[in-house]
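Chemist: how would this look folded up:
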Amino acid sequence: MVIESAMAGERDGQAFGLLYRIECDARWPVRRLALKLAGSAPLDL
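Modeler: Numbers count the residues shown, from 1 in each chain. Below is the predicted model of the structure:
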């Protein structure tokens, strides 16, 4: 199972964008989490 989505918002007057990807196995435990905040390096856990 793979879930991908994006989020946009504002915090403390600063706009932000976030992309994320969650990979789970057939029993739903998360196997991988990847995050990418606009203007930043990706984080892969």
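
Chemist: mind listing what residue 20 touches?
Modeler: By Cβ atoms under 8 Å, 6 or more residues apart in numbering, the residues touching residue 20 are 4, 5, 6, 7, 33, 34, 35, 36. Placement of C-beta: from N, CA and C, glycine included.

Chemist: Centroid-nearest residue for the protein?
Modeler: residue 20 (2.0 Å; Cα atoms, centre = their mean).

Chemist: State the distance from it to residue 13.
Modeler: Distance of residue 20 to residue 13, computed by Cβ to Cβ, to the nearest Å: 23 Å.

Chemist: what number of residues lie near residue 9?
Modeler: Residue 9 sits with 9 neighbouring residues when counted by other Cβ atoms under 10 Å.

Chemist: quick one, helices of the protein?
Modeler: Per DSSP state H, the chain carries no helices over any range.

Chemist: so residue 16 sits right up against residue 38, yeah?
Modeler: Yes: between residue 16 and residue 38 a contact is recorded at 6.4 Å, counting by Cβ atoms under 8 Å.

Chemist: Please identify which of those two sits among more neighbours.
Modeler: Just comparing residue 16 and residue 38: by other Cβ under 10 Å the higher neighbour count belongs to residue 16, 14 against 11.
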